[in-house]
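**Student:** Predicted model, plus sequence, below.
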Amino acid sequence: MTISRREFIRLLGLAGAAGMLPGSVFAAARRPSDLYEIPRFGNVCLLHMTDCHAQLNPVYFREPSVNLGIGRARGRPPHLVGRSFLQHFGIEPGSIEAHAFTYLDFDQAARKYGRVGGFSHLATLVKRLRAERGDGNSLLLDGGDTWQGSGTAYWTRGRDMVGACNLLGVDVMTGHWEFTYRDQEVISNIGEFKGEFLAQNVSVRDEALFDYRFADFAGFDEDEGLAFKPYTIKVVNGMKVAVIGQAFPYTPIANPQRFIPDWTFGIQDDRMQGIVDTIRETEKPDLVVVLSHNGMDVDLKMASRVSGVDVIFGGHTHDGVPAPSLVKNRGGRTLVTNAGSNGKFLGVMDLDVRKGRLHDYRYRLVPIFSELLPADAEMQAYVDQVRAPYREKLDEKLAVAEETLYRRGNFNGTFDQVICDALRTVGDAQISLSPGFRWGTTVLPGQSITMDNVMDQTCITYPETYRREMTGADIKAILEDVCDNLFNPDPYYQQGGDMVRVGGLDYVCDPTKGIGERITDMALDDGTPVEAGRKYMVAGWATVGSRSPGRPIWEVVADYLRDRRTIRIEKLNTPKLVGVEGNPGLAD
């Protein structure tokens with residue numbers, strides 16, 4: 001269903017009359033419809049979504065109160081939170097945009113403005129923008145992390161999201177969590193995808209090339225050893241637009257290599273530069289863009305090292321950044337964007353492209369408020385259909401939240417604490433460890449915690465739990481390793497994600513120090529110091545190496561919630577931070 005501009009504005013007017021759009025949240029010169037009034041500019045429109053993590057329905061999602069930048073990244077996007085974020089981007093405090101982009105007054109604002117995202121609401125906006133720009137004048141790019149993050153995605157092995165993206169009209173995508181399915185499932189899903197899957201930095205291992213199992217796959221290039229098509233040329237309003245794919249470079253390190261044994265990954269700057277140079281020389285494009293899943297800090301460094309790219313549309317780190325960063329390099333400049341997560345935003349870049357070069361642009365990162373955008377009937381019917389077989393299981397009410405349960409943040413979140421507490425309690429352990437994933441939806445106080453919510457937080461293809469003894473030195477080594485991944489001053493040594501979450505353990509962290517020196521003063525909840533040579537019983541999940549022996553984490557958490565019935569966090573195991581006083585990436 002495509003709605004006209006007049007009908008769209010009428011529906012927004014009805015929403016305002018119903019109290020969904022109180023006038024006080026907008027500057028005096030703005031009308032309620034301005035949030036989705038995006039004037040056409042130039043001749044090429046690129047729409048960008050990323051990291052939706054299989055969220056087909058609208059959700060609540062709290063932005064981080066801690067997103068520290070260290071060294072040169074201190075105080076620069078995306079490492080800004082709260083009031084510092086609003087001041088940097090000129091967003092009015094208390095506005096609907098302030099709620100979309102920051103954690104400030106989250107509970108109150110979430111109840112006021114409602115849920116965000118949802119593919120049926122996103123589809124309405126995509127159809128409207130494409131209609132306004134004209135047939136053939138736009139591309140829809142998907143930065144990946146699309147097939148993972150919900151119960152239905154897990155049970156259908158990502159196929160539900162392939163269908164949703166086909167219906168949405170995604171033209172090009174790249175990947176990360178897509179590669180946490182079995183390699184044959186990845187190939188099968190790409191075969192069902194109507195757009196193009198690109199990844200210039202994924203190669204077939206030399207030892208696998210001789211008898212490669214997917215030699216008939218259309219994207220395989222035997223001469224170059226590439227597993228997937230590296231780039232494509234699209235004609236948009238008569239302009240040649242080159243799109244290069246950059247999959248998450250650290251997939252076999254951050255996720256199980258055993259699922260994808262024949263593929264290697266990496267940043268591959270030299271190959272990227274070579275591809276850009278070849279495209280510029282042979283294809284004579286009017287615009288060169290990279291669809292990336294590097295993470296924003298990595299994209300900023302790559303933009304400084306690789307010339308000839310006009311725009312990088314980035315993902316992986318879930319940073320909702322309202323304006324592009326402009327990065328200078330030896331060839332000129334590159335715009336770098338990042339478009340948030342969980343279906344919450346749509347990036348809209350309108351470009352003036354003429355005679356082989358980008359002359360000007362306009363960019364808006366548009367929040368998707370489900371109460372302001374009517375659901376597209378065709379997409380909603382599809383969502384209802386693919387969720388129907390699992391609805392009874394997903395709708396089970398396990399407990400009631402007495403406070404906001406969220407995940408996103410460098411060190412801990414209240415839903416992370418629930419997972420850690422469940423591991424300790426059910427596993428009868430002194431300490432628990434849980435990975436610092438950046439996906440996972442939010443539950444408001446007074447709401448039921450459903451199995452759907454639990455799956456949103458825990459649903460991966462290696463969910464097995466473990467219970468084992470570790471020494472204090474082992475635990476410190478884990479914390480130091482993950483902390484270096486997060487705060488290494490060189491972005492190319494960062495893998496994204498956040499700090500491992502802990503239960504039953506306190507410690508002091510100085511992110512400005514070097515590896516081996518960031519974690520000190522570890523102690524159990526009762527204050528007993530953790531000794532390097534002493535053994536402790538530890539419960540955890542999501543091991544990247546060999547498969548763990550325990551039950552899936554969602555079963556453990558569900559049992560814990562059913563037993564508790566109401567959930568309030570008694571203690572949040574967040575470390576004491578030192579060395580970061582005044583950092584604008586730390587909550588006010």
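**Tutor:** Right, received. Where do you want to start?
**Student:** is it true that L561 touches A399?
**Tutor:** Yes. Proximity of L561 to A399 meets the contact threshold set by Cβ atoms under 8 Å, at 4.0 Å. Quick note: C-beta positions are derived from backbone N, CA and C, even for glycine.
**Student:** And the closest residue to A429 other than its chain neighbours, its phi and psi?
**Tutor:** Excluding its sequence neighbours, the residue lying closest to A429 (Cβ to Cβ, 6 or more residues apart in numbering) is A539, at 3.8 Å. Here is the backbone geometry of A539 (degrees, to the nearest 10): phi -110, psi 140.
**Student:** How about the contacts made by A539?
**Tutor:** 423-424, 426-427, 429, 431-433, 465-467 (Cβ atoms under 8 Å, 6 or more residues apart in numbering).
**Student:** switch to 10 Å and redo it
**Tutor:** Neighbouring residues of A539 by Cβ atoms under 10 Å, 6 or more residues apart in numbering: 420, 422-434, 465-468, 503-504, 550, 556.
**Student:** swap in D506?
**Tutor:** D506 touches 521-525, 527, 530, 571, 573-576, counting by Cβ under 10 Å, 6+ apart.
**Student:** E469 versus A523, what's the distance?
**Tutor:** 18 Å (Cβ to Cβ, to the nearest Å).
**Student:** ok, the two, which is more surrounded?
**Tutor:** A523 (14 against 11; other Cβ atoms under 10 Å).
**Student:** returning to what we had before: between L561 and A399, who's got more neighbours?
**Tutor:** Using other Cβ under 10 Å, the more surrounded residue of L561 and A399 is L561, with 25 against 22.
**Student:** Which neighbouring elements make contact with the helix or strand where that one lies?
**Tutor:** Assigned by DSSP states H and E, L561 falls within helix 553-564. Where contact means 3 or more Cβ pairs under 10 Å, 6 or more residues apart in numbering; DSSP states H and E, helix 553-564 is packed against strand 397-401, helix 414-427, strand 448-450, helix 451-458, strand 465-471, strand 535-541.
**Student:** could you redo the last one with a cut-off of 8 Å?
**Tutor:** Counting contacts by 3 or more Cβ pairs under 8 Å, 6 or more residues apart in numbering; DSSP states H and E, helix 553-564 is packed against strand 397-401, helix 414-427, helix 451-458.
**Student:** Nearest to C45, out of those?
**Tutor:** helix 451-458 (31.3 Å; Cβ to Cβ).
**Student:** any idea of the angle the closest one forms with helix 414-427?
**Tutor:** 90 degrees (axes from the mean of the first three to the mean of the last three Cα atoms, to 10 degrees).
**Student:** Looking at the helices and strands packed on helix 553-564, spot the one closest to D105.
**Tutor:** Using Cβ to Cβ, the helices and strands packed on helix 553-564 put helix 414-427 closest to D105, at 16.6 Å.
**Student:** list the buried ones in the next helix-or-strand element following that closest one?
**Tutor:** Note on helix 414-427: by DSSP H and E, the next helix or strand toward the C-terminus is strand 431-436. Within strand 431-436, the residues that count as buried by 16 or more other Cβ atoms under 10 Å are 431-436.
**Student:** ok, of those residues, which one's closest to F345?
**Tutor:** Proximity of these to F345 (Cβ to Cβ) peaks at G436, which lies at 21.6 Å.
**Student:** Mean pLDDT and distance to F193 added to the helices and strands packed on helix 553-564, as a markdown table?
**Tutor:** Below are the helices and strands packed on helix 553-564 laid out as a markdown table (pLDDT from 0 to 100; distance: least, Cβ to Cβ, whole Å):
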| stretch | mean pLDDT | distance to F193 |
| --- | --- | --- |
| strand 397-401 | 98 | 34 |
| helix 414-427 | 98 | 31 |
| helix 451-458 | 98 | 23 |
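**Student:** do you know which of those lies nearest G117?
**Tutor:** helix 451-458 (11.8 Å).
**Student:** show me where pLDDT drops low in the stretch 251-400 of the chain?
**Tutor:** For the stretch 251-400 of the chain, no stretch has pLDDT under 70.
**Student:** where do the contact lists of L561 and A399 overlap?
**Tutor:** Residues touching both L561 and A399 by Cβ under 8 Å, 6+ apart: 449, 567.
**Student:** would you put the C-alpha positions of stretch 566-575 in PDB?
**Tutor:** The C-alpha trace of stretch 566-575 is given here as PDB (Å, rounded to 0.1, in the frame of the first residue of the first chain):
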ATOM      1  CA  THR A 566       8.600  -9.600  39.600                       C
ATOM      2  CA  ILE A 567      12.000  -8.200  38.700                       C
ATOM      3  CA  ARG A 568      13.800  -5.400  40.400                       C
ATOM      4  CA  ILE A 569      17.600  -5.200  40.200                       C
ATOM      5  CA  GLU A 570      19.000  -5.500  43.700                       C
ATOM      6  CA  LYS A 571      22.600  -4.700  42.600                       C
ATOM      7  CA  LEU A 572      23.900  -3.600  39.200                       C
ATOM      8  CA  ASN A 573      27.500  -4.900  38.800                       C
ATOM      9  CA  THR A 574      28.900  -1.900  37.100                       C
ATOM     10  CA  PRO A 575      32.600  -1.200  37.600                       C
END
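**Student:** Contacts for it next, please.
**Tutor:** Residues from elsewhere that reach stretch 566-575, judged by Cβ under 8 Å, 6+ apart: 399-403, 405, 411-412, 414, 417-418, 420, 449, 499, 501-509, 525, 561.
**Student:** quick revisit: of the buried residues of strand 431-436, which is the nearest to S325?
**Tutor:** Nearest to S325 among the buried residues of strand 431-436, with distances taken as Cβ to Cβ, is G436, at 24.2 Å.
**Student:** what residues are up against that closest one?
**Tutor:** 410, 416, 482, 486, 497-501.
**Student:** same thing but at 6 Å, please
**Tutor:** Counting by Cβ atoms under 6 Å, 6 or more residues apart in numbering, G436 touches 497-501.
**Student:** Not counting its neighbours along the chain, what's nearest it?
**Tutor:** That would be D498: by Cβ to Cβ, 6+ apart, it lies 3.4 Å from G436.
**Student:** now swap in P324 and tell me
**Tutor:** Closest to P324 by Cβ to Cβ, 6+ apart is L335, at 4.1 Å.
**Student:** can you pull out the strands in the stretch 51-200 of the chain?
**Tutor:** For the stretch 51-200 of the chain, strands defined by DSSP state E, counting those that start in this stretch occupy the ranges 138-142, 172-173, 196-197.
**Student:** Tell me which of these approaches C52 most closely.
**Tutor:** strand 138-142 (8.1 Å).
**Student:** show me where the stretch 101-250 of the chain has helices.
**Tutor:** With DSSP state H, counting those that start in this stretch, the ranges of helices along the stretch 101-250 of the chain come out as 106-113, 119-133, 151-156, 159-168, 183-192, 206-209.
**Student:** For the fifth one, what is the distance to the chain centroid?
**Tutor:** What separates the centre of helix 183-192 from the centre of its chain is 21 Å, taken as Cα atoms, centre = their mean, to the nearest Å.
**Student:** Quick one: mean pLDDT for that helix?
**Tutor:** For helix 183-192, the mean pLDDT works out to 98.
**Student:** go on, the first one?
**Tutor:** Confidence for helix 106-113, expressed as mean pLDDT, is 96.
**Student:** same question, the fourth one
**Tutor:** Per-residue confidence for helix 159-168 averages out to 98 on the pLDDT scale.
**Student:** Against which helices or strands is that helix packed?
**Tutor:** If contacts are counted by 3 or more Cβ pairs under 6 Å, 6 or more residues apart in numbering; DSSP states H and E, helix 159-168 sits against helix 151-156, helix 377-387.
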